[in-house]
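A.B. asks: Starting from these lines, generate the structure:
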Amino acid sequence: MSLRLEKVSMQFGGLVALRDLDLEIPEGVIISLIGPNGAGKTTVFNLITGVYRPTEGTIHYNGHRLNGLPPHKIIALGIARTFQNIRLFKNMTALENVQVGMHCRTQSGAIRALFKTRFERAEEQRIRKRAQEILQELGIDRYQDEYAGNLPYGEQRRLEIARALATDPKILLLDEPAAGMNPKETEDLMQLILSLRNKGLTIFLVEHDMKVVMGISDRIAVLDHGQKIAEGPPRAIQQDERVIEAYLGRRHTTTGSIS
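C.D. replies: Model (predicted):
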């Protein structure tokens, strides 16, 4: 079960944001996508999750062609994401935020919900219990009754991951999850991502913090100006001259490294 992008391009008017991208995210690994600002990284996430439809190329997951599918159907297939900018419901509690994330897996219809049938009440209890379990697994269960907007920044980041996990994904797309975190929060985040991978979840990561990327990735793909310029294990990427040039400029290619 893998996610595959084949010759995927994305054009906005005269701007080519992505060109002929081939990329495979195998099951049970951590793949990081890196590159300078404006390289096209978040565009890749938006294409996979149905925010954009590719101008050219195809995206496949588990026998399904994702091109043109709306985001809610892609979530239902087992692909979830977080965002660069935290998008929690800040006037809802942490528990309620996670419960909202579970709506795509519920079975109660409108009639059942309206009349509060026994089935609907039982499902509400199941959702609440599972949401509490997720918060506990991520170490933020003590905040379950706190408004999301009142949580410390690092815990809000964790809560956003918790809400994504509530959709019961097979692949989790994390868009700069370490942004704005202090060193302790970053280290805790790295351990969390590794633990999720060890439980069988596939992680596709966009991140600027090279300590995070080099510390947890099984493989790394590098974009520059919308094109993939390198792919491989962390050590090879650190020493790749094309990558060093993209990040640091041509004069560093003979002696530099990405760390």
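A.B. asks: Low-confidence regions, the stretch 151-259 of the chain specifically.
C.D. replies: Counting by pLDDT under 70, the stretch 151-259 of the chain contains low-confidence residues at 248-259.
A.B. asks: in it, which spans are helices?
C.D. replies: Ranges of helices within the stretch 151-259 of the chain are 153-165, 183-198, 210-216, 234-238, 241-248, based on DSSP state H, counting those that start in this stretch.
A.B. asks: gap between residue 205 and residue 145?
C.D. replies: The gap separating residue 205 from residue 145 is 31 Å, by C-beta to C-beta, to the nearest Å. In short, each C-beta sits where N, CA and C put it, glycine included.
A.B. asks: got CSV for the helices of the stretch 151-259 of the chain, with mean neighbour count too?
C.D. replies: Formatted as CSV, the helices of the stretch 151-259 of the chain follow (neighbours: other C-beta atoms under 10 Å):
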stretch, mean neighbour count
helix 153-165, 22
helix 183-198, 16
helix 210-216, 18
helix 234-238, 17
helix 241-248, 18
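A.B. asks: Distance to residue 9 for those - can I get that in CSV?
C.D. replies: Shown next, in CSV, are the helices of the stretch 151-259 of the chain (distance: least, C-beta to C-beta, whole Å):
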stretch, distance to residue 9
helix 153-165, 27
helix 183-198, 29
helix 210-216, 25
helix 234-238, 23
helix 241-248, 19
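A.B. asks: Quick one: closest of those to residue 10.
C.D. replies: helix 241-248 (19.2 Å; C-beta to C-beta).
A.B. asks: Measure how far the single longest helix found in the chain is from the centre of its chain, please.
C.D. replies: Looking across the chain with DSSP state H, the single longest helix is helix 118-137. Centroid separation for helix 118-137 versus its chain: 24 Å, with C-alpha atoms, centre = their mean, to the nearest Å.
A.B. asks: How about residue 154: what's its closest non-neighbour residue?
C.D. replies: residue 185 (3.7 Å; C-beta to C-beta, 6 or more residues apart in numbering).
A.B. asks: Same question for residue 47.
C.D. replies: residue 54 is the one closest to residue 47 (C-beta to C-beta, 6+ apart), at 5.6 Å.
A.B. asks: Please verify my assumption that that neighbour contacts residue 7.
C.D. replies: No: if you go by C-beta atoms under 8 Å, residue 54 and residue 7 don't touch, sitting 9.1 Å apart.
A.B. asks: and the two? which has more neighbours close in?
C.D. replies: More neighbours surround residue 54 than the other of residue 54 and residue 7, with 22 against 12 (other C-beta atoms under 10 Å).
A.B. asks: could you measure that one against residue 19, distance?
C.D. replies: With distances taken as C-beta to C-beta, residue 54 is found 11 Å from residue 19.
A.B. asks: what do you get for residue 49?
C.D. replies: 20 Å.
A.B. asks: what does residue 231 give?
C.D. replies: Taking C-beta to C-beta, one finds residue 231 at 15 Å from residue 19.
A.B. asks: Grab the most central residue of this protein for me.
C.D. replies: Most central in the chain under C-alpha atoms, centre = their mean is residue 173, positioned 1.7 Å from the mean C-alpha point.
A.B. asks: Many thanks, we can stop here.
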